[in-house]
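Asks: how does the following fold in three dimensions:
(2 chains)
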Amino acid sequence: MSTDILDELKWRGLVAQSTDEDALRRDLAAGVLTLYCGFDPTAPSLHAGNLMPLLTLRRFQQAGARPIALAGGATGMIGDPRDVGERSLHDLDTVRTWTERVRGQLERFVEFDDSPTGALLVNNLDWTSQQSTLEFLRDVGKHFRIGDMLGRETVRRRLAGDGMSYTEFSYLLLQSQDYLHLFRRHGCRLQIGGSDQWGNIVGGVDLIHRVEGTSVHALTTPLVTDGEGRKFGKSTGGGNVWLDPETTSPYAWFQYFVNVDDASVGRYLRYFTMLPREEIEELDAATAERPHLRAAQRRLAEETTTLVHGERATRQVVAASGALFGRGELRELDASTLTAALAETPTADARLADGPTVLDLLVATGLVESRGAARRTVSEGGAYVNNAKVGDESWRPSAEDLLPGGWLVVRRGKRNLAGVRVASA
RNA sequence: GGCAGGUUGCCCGAGUGGCCAAAGGGAGCGGACUGUAAAUCCGUCGGCUUAGCCUACGAAGGUUCGAAUCCUUCACCUGCCA
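Replies: I've put the predicted structure just below:
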């Protein structure tokens, strides 16, 4: 197999750290390399940031390697130590449910077939749940030196602050054991992950070296931040952007990427799309020369939406975004176009007879969290119905305001849209 | 087990009896500018039937006309000692 994959990853800026690169190249050239990446179920869904390692697995597979996607049913019960402090444990049923959901999401990003590069999907609970404490301490724990563990960045920071439980302290051993298991069972010789996983990954490399006398590899991808160094994947509203369409609708997902700032869009195209180099460089040029057209952002949004939600969903949200953000008059849209477009946004139902005010409309659609917030929005001049600013909180729609299909288009700020289907009776 | 310190709004962090829905910063939100960018400036930032009321400063009680602030007990965290 070719080692071009490493050059490809480097060009994309996807390599933050790695163990001996020449050794990795030799292993890549020697045949089908097996690699893995783990995903802990810390939430009911993966989020946008997980796309980077997921696509990296896919890139390796397309380059002739065999990927293993690992759902952390065991590690998810413990929790990787974070700088911010001790995690609270989730109950077993919750972790079980989340693990299954994450599993389902992982399946979509690599190809499962009978070929030598066909992907595997594993759950580390399968090889840890029957293990006894004594086995764990003798077989795994004995190979870890407390001094080394105490020297780790995260551990040091945590001990300098709020401290850390033995549970989280042990996380390293679990993840290291995973690598050893996959090495023994599947000949896995490379683990990838985000740069925050470097310590955990190298822990596995060391363990395998001690136990098996073999050098295996580690490679991490950079932490993704936006142009301002903020963490990637926080939507407008502060929440995460999730892969699960029930939590983050394809429309909301698309909008998140359409709104990426110019300074970040080039990097994101490299990280989050499979587009070839020439095409990305053309889009870089387009951003430099005609930034207002947002060609790179649009392409990024389309590509990532297709990767996560499929082509059909992408067509729908592109059409919806075009209809709702176009300069054209909303009144000129026909009922079916409007209905299809608004179906991608949050919607609510109302009856004219109830005499809903603009506050009711904002609250009903979920565009604001409370009536107080709705009042604020109106008084700040950020409330719109059918693209017309509404400055009076007692404003009520009348029959003449209804668009084809009985719709009202309610908007908060520049880009938060929702539909209200009004029964005129 | 003992002693000391801590637990404040989304996050950080001030506040040691009334002037506290709680300083300041960050994030978020809205406006202006623009390109559904960035930067900047302005405004906003617990809830409600909003000149008032309700909920809130780890939990539960108590003192007081009045408590985030004082007392008691409990929980958790940190440090030192055993």
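Asks: tell me what the lowest-mean-pLDDT helix or strand in chain A is packed against?
Replies: Among the helical and strand segments of chain A, the one scoring lowest on mean pLDDT, DSSP states H and E is helix A:153-160, with a mean of 84. Helices and strands touching helix A:153-160, as assessed by 3 or more CB pairs under 8 Å, 6 or more residues apart in numbering; DSSP states H and E, comprise helix A:146-150. Just so you know, the C-beta spots here come from the backbone N, C-alpha and C atoms, and that holds for glycine as well.
Asks: quick one: the helix it packs on near RNA strand B?
Replies: No - counting by CB under 7 Å from any atom of the strand, RNA strand B is not contacted by helix A:146-150; separation bottoms out at 11.8 Å.
Asks: Three-state assignment for the closest residue to A:Tyr384 other than its chain neighbours, please.
Replies: Nearest in space to A:Tyr384, with sequence neighbours left out and distances taken as CB to CB, 6 or more residues apart in numbering, is A:Arg411 at 4.0 Å. Look at A:Arg411: counting by DSSP: H, G, I helix; E, B strand; the rest coil, its state is strand.
Asks: quick one: neighbours of A:Arg411, just the number.
Replies: 24 (other CB atoms under 10 Å).
Asks: correct me if wrong: A:Asp4 contacts A:Gln62.
Replies: No - A:Asp4 lies out of contact with A:Gln62 (CB atoms under 8 Å); the separation is 10.9 Å.
Asks: which parts of the least confident helix or strand of chain A are buried?
Replies: Using 16 or more other CB atoms under 10 Å as the test for burial, helix A:153-160 gives A:Thr154, A:Val155, A:Arg158.
Asks: so for the closest residue to the last one other than its chain neighbours, what's the pLDDT?
Replies: For A:Arg158, ignoring the flanking residues on the chain, the nearest one in space by CB to CB, 6+ apart is A:Met164 at 4.3 Å. Note for A:Met164: predicted pLDDT of 85.
Asks: what residues are up against A:Met164?
Replies: The neighbours of A:Met164, taking CB atoms under 8 Å, 6 or more residues apart in numbering as the test, are A:Pro81, A:Glu86, A:Val155, A:Arg158.
Asks: repeat the analysis, applying 10 Å as the threshold.
Replies: Listed by CB atoms under 10 Å, 6 or more residues apart in numbering, the contact set of A:Met164 reads A:Pro81, A:Arg82, A:Gly85, A:Glu86, A:Thr154, A:Val155, A:Arg157, A:Arg158, A:Tyr171.
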